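Novice: kindly generate the corresponding structure for this input.
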Amino acid sequence: MSNFPDDIDLKDFWDDSAYARKEITDAPPSDELIAELEAELGYRLPASYVAFMKRHNGGNPRKTCFPTEESTSWAEDHAAITSFLSIGRSKNYSLGGDLGSRFMIEEWGYPDLGVYICDCPSAGHDMVALDYRECGPDGEPQVVHVDQEGDYHITFLAKDFETFVRGLVDEEVFDTSEEDFQQDLLSVTRGEFSEALAPLVADFPPFPRIGEAIRAVALQLLEDKRYFALHADPRSYLLYDVQFWLYQQHHRIDKRQQYLDAYPPLIAFGGRGFSTGGYAPGFVEDWFKARFNARELVESKAGIVLSEAHKAKVIEQLQATLGR
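Specialist: Numbers count the residues shown, from 1 in each chain. Sure, this is the predicted structure:
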């Protein structure tokens, strides 16, 4: 008979950093709180998961990789996680928090197959969930990986939560970070721009060195993250600005959705050349909303455009990136 979770060494399992304690880990959940969240989520949480969280309610594990028999958006042979969401509401990374399970379903479009319990290094591009499709809302769910970049492709991980926890291994088992970095470096510095982006870059009077500047910003992002992806940081927002400006220079934009539909082929899915290889739509939508609310995107006779003040700011940032 399993002793889970009592036989798990908490000091060995959890990486209790200051960030984790502040943003993720919460006090042990009460039975009342658990019942409330189960009602909100629509699923009975597995006893093994509840017992595990009562010992240590969420946080960053030391072992972050789970082997798979098929490739995921993260690797050919495993999925990776960043944290276990806590059972609660007070922390952003909790089941009922601002970035919790229902948020990922309702705002980011993840399939409503159960409860999302782990986030991943991609910051929204993929998640790990308790999958109740076969067992029903009161049964014992499987654990699956859901890949937003692959049209929400679902990969089976483990038959139950305990098996998932016990199956986690250290990232060093699968460490290909240097190879991945070199591949992204080649893409950023030498990869061809996509068919959608290339003609826009070739004809952009406001900043003739725009192609060179795009690569320079992307290189800074790569050096910061060690992989090429756009999230919610200032450099990512600069590339969102540039992509919009390039597209808007040649295509009238009257509605937000019109641009959101046109966005993916520019950099997100640029083939084997200059490309992030995927994206999370929520980041682009949040950028658009933030810029519009700040009057940095404005409505004009030419449609929705960057404000003149923000254009000047973008040019100043690009010039600084190029070192002049």
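Novice: next SSE after the strand or helix carrying residue 282?
Specialist: Taking DSSP states H and E as the criterion, residue 282 maps to helix 281-293. Beyond helix 281-293 on the C-terminal side, the first helix or strand identified by DSSP H and E is strand 297-300.
Novice: could you list the buried residues of the helix holding residue 282?
Specialist: 281-288, 291 (16 or more other Cβ atoms under 10 Å). Using the backbone N, CA and C atoms, a C-beta is placed for each residue, glycine as well.
Novice: ok, stretch 80-98 next?
Specialist: Neighbour counts using 16+ other Cβ under 10 Å place 80-89, 91, 93-97 of stretch 80-98 among the buried residues.
Novice: what do you get for stretch 212-228?
Specialist: Buried residues in stretch 212-228 (16+ other Cβ under 10 Å): 213-219, 221-222, 225, 227-228.
Novice: residue 263: which of those residues is nearest?
Specialist: residue 214 (14.7 Å; Cβ to Cβ).
Novice: ranges for the helices of this protein?
Specialist: Along the chain, the segments classed as helices by DSSP state H run 10-13, 18-23, 31-41, 47-55, 101-106, 161-167, 177-190, 198-202, 210-225, 234-250, 256-262, 281-293, 308-322.
Novice: ok so, going back, find the pair from the buried residues of stretch 212-228 with maximum spatial separation.
Specialist: Spanning the widest gap among the buried residues of stretch 212-228 are 213 and 227, at 20.7 Å by Cβ to Cβ.
Novice: roughly how far does residue 224 sit from residue 217?
Specialist: Residue 224 sits at a distance of 11 Å from residue 217 (criterion: Cβ to Cβ, to the nearest Å).
Novice: mutual contacts of these two, please.
Specialist: Listed as contacting both residue 224 and residue 217 by Cβ atoms under 8 Å, 6 or more residues apart in numbering are residue 235.
Novice: mind checking which of the helices of the chain is nearest residue 150?
Specialist: Comparing these against residue 150 with Cβ to Cβ, the closest turns out to be helix 281-293 (13.9 Å).
Novice: tilt between the closest one and helix 234-250?
Specialist: Interaxial angle, helix 281-293 versus helix 234-250 (axes from the mean of the first three to the mean of the last three Cα atoms, to 10 degrees): 70 degrees.
Novice: any idea of the angle helix 281-293 forms with helix 308-322?
Specialist: Using the same axes, to 10 degrees: helix 281-293 against helix 308-322 is 130 degrees.
Novice: using CSV, write down the CA coordinates of helix 281-293.
Specialist: The C-alpha trace of helix 281-293 is given here as CSV (Å, rounded to 0.1, in the frame of the first residue of the first chain):
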residue,chain,number,x,y,z
PRO,A,281,-2.5,34.6,-28.2
GLY,A,282,-3.2,36.1,-24.8
PHE,A,283,0.1,37.9,-24.8
VAL,A,284,-0.6,39.7,-28.1
GLU,A,285,-4.2,40.5,-27.0
ASP,A,286,-2.9,41.9,-23.8
TRP,A,287,-0.3,44.0,-25.7
PHE,A,288,-3.0,45.4,-28.0
LYS,A,289,-5.3,46.2,-25.1
ALA,A,290,-2.5,47.9,-23.1
ARG,A,291,-1.4,50.0,-26.0
PHE,A,292,-5.0,51.0,-26.9
ASN,A,293,-5.8,52.0,-23.3
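Novice: list of residues touching it?
Specialist: 107-109, 124, 230-232, 236-237, 240-241, 244, 256, 259-260, 263, 297-298, 304, 306, 310.
Novice: now find how far off-centre it is within its chain.
Specialist: Mean-position distance between helix 281-293 and its chain equals 15 Å (Cα atoms, centre = their mean, to the nearest Å).
Novice: one more: stretch 317-324?
Specialist: Distance, centroid of stretch 317-324 to centroid of chain: 28 Å (Cα atoms, centre = their mean).
Novice: so for that stretch, what gets flagged as buried?
Specialist: Residues 317-318, 321 are the ones in stretch 317-324 that count as buried (16+ other Cβ under 10 Å).
Novice: same question for stretch 161-171.
Specialist: The neighbour-count check on stretch 161-171 (16+ other Cβ under 10 Å) flags 161-162, 164-165, 168, 171 as buried.
Novice: and residue 151, how far is that from residue 269?
Specialist: 12 Å.
Novice: ditto for residue 138
Specialist: In terms of Cβ to Cβ, residue 138 sits 40 Å off from residue 269.
Novice: more neighbours: those two, which one.
Specialist: Neighbour totals were compared for residue 138 and residue 269, and residue 269 leads with 16 against 9 (other Cβ atoms under 10 Å).
Novice: isn't that one right up against residue 275?
Specialist: Yes: the pair residue 269 / residue 275 is scored as a contact, 6.5 Å apart, by Cβ atoms under 8 Å.
Novice: and for these two, which residues touch both?
Specialist: Taking Cβ under 8 Å, 6+ apart as the criterion, residue 269 and residue 275 both touch residue 194.
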